[in-house]
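Undergrad: give me the fold of what follows.
(chains A and B)
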Number of protein chains: 2
Amino acid sequence: MRCEVVAIGTELLLGIIVDGNSAWIGEQLALAGIDSHFQVKVGDNFGRIEASIRQALERSDAVICCGGLGPTQDDITRDVIAHVMGVEMRRDQAIADKIRNIFEARGRVMSANNLRQADIPVGASPIAQMPGTAPGLVCPVGDKVIYAVPGVPSEMREMVAGTILPDLRRRMGQTAVIRSRVLRTWGASESGVAEMVAGRVDELDKLGNPTIAFQASGIDGIKVRIVAKCDDEVAAKRVLDSEEALLRGLLGDLVFGIDEQSMEAVVLGELRRRSLTVAATETLTGGILSARMSALDPAMEVFRGAIVRPEAAPVAARAASPEQRTGTAAIEARERFGTEVGLAAVVPEATEGHGAGAVFLGVAIRDAQHIEKVMLTPDRKRMREFGVIGLLNQLRKKLLA
Amino acid sequence: MRCEVVAIGTELLLGIIVDGNSAWIGEQLALAGIDSHFQVKVGDNFGRIEASIRQALERSDAVICCGGLGPTQDDITRDVIAHVMGVEMRRDQAIADKIRNIFEARGRVMSANNLRQADIPVGASPIAQMPGTAPGLVCPVGDKVIYAVPGVPSEMREMVAGTILPDLRRRMGQTAVIRSRVLRTWGASESGVAEMVAGRVDELDKLGNPTIAFQASGIDGIKVRIVAKCDDEVAAKRVLDSEEALLRGLLGDLVFGIDEQSMEAVVLGELRRRSLTVAATETLTGGILSARMSALDPAMEVFRGAIVRPEAAPVAARAASPEQRTGTAAIEARERFGTEVGLAAVVPEATEGHGAGAVFLGVAIRDAQHIEKVMLTPDRKRMREFGVIGLLNQLRKKLLA
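TA: As a prediction, the model looks like this:
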């Protein structure tokens, strides 16, 4: 089964918008076991959109057209698809009503133009999911199919996940359910993670199901993706649960979360569960830790705050070791904000001989101090970003210990 | 003149990497007055890369192939291009020496594989810019041309700007120079900015050169791009300078910078010029302002620090008006860090009747306080981001007043 993506919009070609939609769709198709050999960007031009769709339909079994479903004159995806299908357009009353209702609910006046969005090719069916005013379409062409989805990422995703992927699987004659889960790790390299689960990978190569794959994702850590193909949801969940348990056994506390869980979400959850609060002294990290924590805890109930300030002056620095300074900075935060936990990351002076990229991560929990030295790529931007996650990860491990 | 982009790499189709390169190249081509009607992503497959290049070459005058120039077996762009050109490969000694030198300079051992990167199609010329180990190529095919550049964005950009765009202009018989400049504004909507310069736009429509265009760019503000087409660099610079002066006259202090200058870079520069230092109390903004400022001022010489903490408790809040609380918070930062300037953004309590999305921006400069109320889209993430830029913009205007 092959499916191409045609992203439509002159603003994509001009670089005003980066086409992240095709990338996301490509990932979903790959997870569903569907090949996507070509992905094309084309502008708002009838002939060129037509040529792109026809070629994609010739080479593949399905085409997903993304964008050009708005109400204005340059949104012509619907018309081009009708032309390729060789049919007329018809006004869909149910869609027209939905669009009217959306405008009424928002208290806005609907111009006649907006009803263009209710004109769909004869023989096409609207996609049930319709979070905005642009309906998605399923358009059969012989034994092949053209899908149309809006370019708004959230609307596109809802339609692809809710209708297009299931429809593609049905067309593949695949009654099987494919589900995936990502284990997120921090603290080892991609090859390190791969080595720890190498034995299990060999076993799975023989079993064939589930499969696992690794993906290095910068400050999102190394991801281990489990993909299970089963007869139904219940069986898929059972396979994912059991594989997750097995991999967690091999990877231990390297695993900090699953799927979309970020390190800061996990740490805030663990603190909340224990009724602990946290504060930080931010020197190297300069506010990045605060920005991440306060985004998820807007009332600052768990993350109580931070002092952002320069590293201690060299003279003051020399009076104490970097370990001591890190501990002092973590306690400074704890005392200033009256929290149980204090955090700090300190870069030693060059003259202290720890080498470029050395960072001391300090976690103070009540009276206990835990200081750890890590060596990071000696690039300040990376040190700041990795310092934040490393520090949160160290706190996570202390909480779970 | 038409030029297509073929982005090569299976990881692009799988969504592991989002193809930002094509978007950037598309923008450069548009600025140079070159049409780009199609942009294609294709995996590391000989036949499919060949088909994509042949089709692009048929429809257009030039093709830029991006990616697949690395040293491993799946990097086959060079081989496919040689096949399309109908020529053999040859080892280029100058490139081989450059690659050897790069490895030596980095103190790394070079494997024999790496010299594959010195194999280029007969008749192709290497691109002079070569910041990494992958050489770019200019490959004539009849009166058309295939360019090859690596997928590493910084290397790609250097080659496109340094060799490919000038070569395309030469091929267009265009001795003209096209240069652009972006004026960055904050404080008015796209339509507001457009209205202020509407008269000038009408004049330019008649003159034809330079042209101006508007682009709403979220927290990067509204951009006004001037594009000048002239006989030479000197003339282009003169046109851009004079148009910039004219537009600045119309837009006044809405213009905060040009081209890649960020709001925080501009504000840090203005403070440094006046030997002033700044600190902040971050409640709503929760560390975002600090993270942006400390990224550009790592030693924290101008931005001296911040206190990140929750908004005052409702009881404390009711003792003073939101204006007073904002002033107090700005002074708190100034005093705590011993700076001349203090900043704070405060969200009033719902019961205070300022409406959803109200934010008070406070700038304290020595003994003077400037408090301004702004209404933002009532979404916390947006309020945080826009609050930071709004606050910095207010400081900028006070400094320039």
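Undergrad: for chain A, which element, helix or strand, carries the lowest mean pLDDT?
TA: The helix or strand of chain A with the lowest confidence, counting by mean pLDDT, DSSP states H and E, is helix A:314-318 at a mean of 62.
Undergrad: give me the pLDDT value at the nearest residue to A:Gly9 once chain neighbours are set aside.
TA: Spatial nearest neighbour of A:Gly9, chain neighbours left out: A:Gly67 (4.5 Å); criterion: CB to CB, 6 or more residues apart in numbering or on different chains. Just so you know, the C-beta spots here come from the backbone N, C-alpha and C atoms, and that holds for glycine as well. A:Gly67 carries a pLDDT score of 95 in this model.
Undergrad: quick check, A:Gly67 in contact with A:Ile8.
TA: Yes: with contacts counted by CB atoms under 8 Å, A:Gly67 reaches A:Ile8, the gap being 4.1 Å.
Undergrad: residue contacts, A:Ala56?
TA: A:Glu4, A:Val6, A:Phe38, A:Val40, A:Val63 (CB atoms under 8 Å, 6 or more residues apart in numbering or on different chains).
Undergrad: recalculate using a threshold of 7 Å.
TA: A:Glu4, A:Val6, A:Phe38, A:Val63 (CB atoms under 7 Å, 6 or more residues apart in numbering or on different chains).
Undergrad: pull out the buried members of those residues.
TA: Among those, the ones that count as buried by 16 or more other CB atoms under 10 Å in any protein chain shown are A:Glu4, A:Val6, A:Phe38, A:Val63.
Undergrad: how about the residues of the stretch 1-150 of chain A near chain B?
TA: Residues of the stretch 1-150 of chain A found near chain B (CB under 7 Å from any CB of the partner chain) are A:13-16, A:18-20, A:22-24, A:26-27, A:30, A:36-43, A:48.
Undergrad: filter those residues to the buried ones?
TA: A:13-16, A:18-19, A:22-24, A:26, A:30, A:36-43, A:48.
Undergrad: test my guess that A:Gly221 contacts A:Leu183.
TA: No: counting by CB atoms under 7 Å, A:Gly221 sits too far from A:Leu183 to count as a contact (9.8 Å).
Undergrad: which parts of stretch A:365-384 are buried?
TA: A:Ile365, A:Gln369, A:His370, A:Ile371, A:Glu372, A:Val374, A:Leu376, A:Arg380, A:Met383, A:Arg384.
Undergrad: and those, which two are furthest apart?
TA: Distance extremes for the buried residues of stretch A:365-384: the farthest pair is A:Ile365 and A:Arg380 at 28.3 Å, using CB to CB.
Undergrad: so which strand or helix has A:Leu250?
TA: Per DSSP states H and E: A:Leu250 is located in helix A:233-251.
Undergrad: now do that helix: which elements does it pack against?
TA: Other helices and strands packing on helix A:233-251, by 3 or more CB pairs under 7 Å, 6 or more residues apart in numbering or on different chains; DSSP states H and E, are strand A:177-185, helix A:190-196, helix A:198-207, strand A:222-230.
Undergrad: the shortest one close to chain B?
TA: Yep, that's helix A:190-196 we're talking about. No: for helix A:190-196, no contact with chain B is found by CB under 7 Å from any CB; the gap never falls below 12.7 Å.
Undergrad: what's the spacing between the nearest residue to A:Ile307 once chain neighbours are set aside and B:Ile99?
TA: Excluding the flanking residues, the one nearest A:Ile307 by CB to CB, 6+ apart is A:Thr281, at 5.2 Å. For A:Thr281, the distance to B:Ile99 equals 46 Å [CB to CB, to the nearest Å].
Undergrad: show me which of those two is the more surrounded one.
TA: A side-by-side neighbour count of A:Thr281 and B:Ile99, using other CB atoms under 10 Å in any protein chain shown, places A:Thr281 first with 25 against 22.
Undergrad: ok, A:Ala216 - contacts?
TA: Contacts for A:Ala216 were tallied using CB under 7 Å, 6+ apart; they are A:Glu190, A:Ile222.
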